[in-house]
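A.B. asks: here is a sequence with its predicted model. Questions after.
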Amino acid sequence: MDKYTVLLVDDEEEVIQVIMKKIDWEELGLSVIGYASNGVKALELVEEFQPDIVMTDIKMPYMDGMELSQQIKREFPATKILIFTGFDEFEYAKEAVHLEVEEYILKPVNAAELKEVFIQVKNKLDQEISEKRSVEVLQRYYMESLPVLRANFYSTLIEGRIQENELPKYLQDYQIAFAGPLFCCLVIHTSSRQVPEGMNPLLLDTSVRKQAEERLGEKWRAKSFSYLGNTVMIVQFEEEWQVADLTDECDRFCRYARRMIGAVVTVGVGKVCRDVLELAKSYIGAREAVSYRAIYGASRAVNIREIDPQETAGGNPTDDTRLGELFKRICLGSEQEVREAADRYLAKNSFPAQSLQGHQIAIMELVSGLYRFSANHDISMEAFGKRVDDLYRTFLDLEPEALRERLIDICLSLHEQMIRARSMSTQSFVTKAKEYVQTHYFEAELSLDTVCRELGVSNSYFSTVFKKEVGKSFIGYLTEYRMEQALRLLLETNDKSYTIAKSVGYTDPNYFSYVFKRQFGVSPSKYRTEYTGSER
């Protein structure tokens, strides 16, 4: 087991330094990943590193320890919190108990007592992880799976084999409630190749399912079951915009599963639907979203609407044809994989066919499939024939090797256009996000959530793409842009620092000065004096 990580938070750096020196972290099996002087900076570090333990003072600038603890418990409930302060007040203690903190410690900190506290917290973490990884517990979880009849019904439902007139009887007989009004399928895929040493993959998958039920089940009124080696969840919610919140929560779950039980999990989020009988299409989208881990990486949630908007419009029209594997490689594979898939398709379908009629039918299926694929992904086929029958006649006249070369050319062209379309799509909303910052940077409430709601995407997907395209996080970009505007106002106006702070979106002038100094190394007033020769 890796060392548990600790984050120390106190506005008095000397206190932190004393604590770091007094404790033998190596001996305790702990590692200090860093420290922060205020709650805002601490929350940034928590979001980035997700420490196992946070030890925080109460009284700090910008965000106190209580507010920090509340946010940590809301977003990262597995994190253990220790509160230490010089303020021996009962109300603080009561609130700390309400927040389910591990310990309430008074300054000055006694090294022996503090060591004992960390030992107790570490033992509790050990016990929690041991329970989650215990074979006996996992076997019990497995036996507590949903009844077979319900699981069979859910499987049949996402296969699209439930008739409308049959649905009410199934729901009544199996006592299943689908209140909706909106529904969505999640496919939770646990890697069977990246498994903790000594762990049975089947039991690991069961543990992931159990944790998903605990963390997602109640809020999203989820129905979960195993299907084709994955966990599938049918979730329900009220408003369509909530699917972005769902995606972010699934993304946090993937990181939680990696940390707590060593599982590499990808969650595919399908299309939103209003009818239970449309869940078959939602499942197809969720399953396809999981496949995109080859592009976006595992241990994260992937929303099919965000990465492939065309997919939500009409499902996958080629799933029932022999072209499905070829088109999948065009979407997700490398150039070499596209070539190999085209070769396999031609070999599998024995081009040319044994009879002229069979050859003509096979060519017709291939050409119509290519045009259908291009139409569903808004890709032009004009370079290969403006009409279906033009390409059909061309293919009929080709010798086997020439047919192979022509098909590979077309597939590689479609592959390149898919990559270009994805790139343009991500660049488009990154540009829109930058434009939004430029026109709203002065609004104090502007945040990652604000921009994601405006663009209609989840925080997790937006953050990944924005950092990849821009080279920094959205919050980092927003801060830098606000500081650039602050510099301009310092040099071009006579406004006081507190007025400039408000003009660039900071309600707290002290925090504005703190951020400015962190960015430029000097306070706003000193910067103005150095560059203009006047404090104005």
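C.D. replies: Looks like it came in fine.

A.B. asks: mind giving me the packing neighbours of the longest helix along the chain?
C.D. replies: Criterion DSSP state H: the longest helix present in the chain is helix 400-440. Packing partners of helix 400-440 (3 or more Cβ pairs under 8 Å, 6 or more residues apart in numbering; DSSP states H and E): helix 324-332, helix 335-348, helix 356-376, helix 388-397, helix 448-455, helix 459-470, helix 474-492. No exception for glycine: its C-beta is placed from N, CA and C like everyone else's.

A.B. asks: out of these, nearest to residue 40?
C.D. replies: helix 474-492 (10.6 Å; Cβ to Cβ).

A.B. asks: give the buried residues for the closest one.
C.D. replies: 474, 477-479, 481-483, 485-487, 489-490 (16 or more other Cβ atoms under 10 Å).

A.B. asks: please compute how far it lies from its chain's middle.
C.D. replies: 29 Å (Cα atoms, centre = their mean, to the nearest Å).

A.B. asks: output it as CSV, restricted to C-alpha atoms.
C.D. replies: The C-alpha trace of helix 474-492 is given here as CSV (Å, rounded to 0.1, in the frame of the first residue of the first chain):
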residue,chain,number,x,y,z
PHE,A,474,-9.3,27.2,-16.8
ILE,A,475,-8.9,28.8,-13.3
GLY,A,476,-5.3,29.5,-14.1
TYR,A,477,-6.3,31.1,-17.4
LEU,A,478,-9.0,33.2,-15.8
THR,A,479,-6.7,34.4,-13.0
GLU,A,480,-4.0,35.4,-15.5
TYR,A,481,-6.5,37.3,-17.6
ARG,A,482,-7.9,39.1,-14.6
MET,A,483,-4.3,40.0,-13.5
GLU,A,484,-3.6,41.4,-17.0
GLN,A,485,-6.6,43.6,-16.8
ALA,A,486,-5.6,44.7,-13.3
LEU,A,487,-2.1,45.6,-14.6
ARG,A,488,-3.7,47.7,-17.3
LEU,A,489,-6.0,49.6,-14.8
LEU,A,490,-3.1,50.2,-12.4
LEU,A,491,-1.0,51.8,-15.2
GLU,A,492,-3.8,53.6,-17.1
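
A.B. asks: just checking, what packs against it?
C.D. replies: Against helix 474-492 (3+ Cβ pairs under 8 Å, 6+ apart) you get helix 400-440, helix 448-455, helix 459-470, helix 497-503, helix 509-520, helix 524-532.

A.B. asks: I'd like those helices as a markdown table, with mean pLDDT, mean neighbour count and distance to residue 258 appended.
C.D. replies: Shown next, in a markdown table, are the helices and strands packed on helix 474-492 (pLDDT from 0 to 100; neighbours: other Cβ atoms under 10 Å; distance: least, Cβ to Cβ, whole Å):
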| stretch | mean pLDDT | mean neighbour count | distance to residue 258 |
| --- | --- | --- | --- |
| helix 400-440 | 83 | 16 | 24 |
| helix 448-455 | 88 | 17 | 22 |
| helix 459-470 | 85 | 19 | 14 |
| helix 497-503 | 93 | 19 | 39 |
| helix 509-520 | 92 | 17 | 31 |
| helix 524-532 | 84 | 16 | 42 |
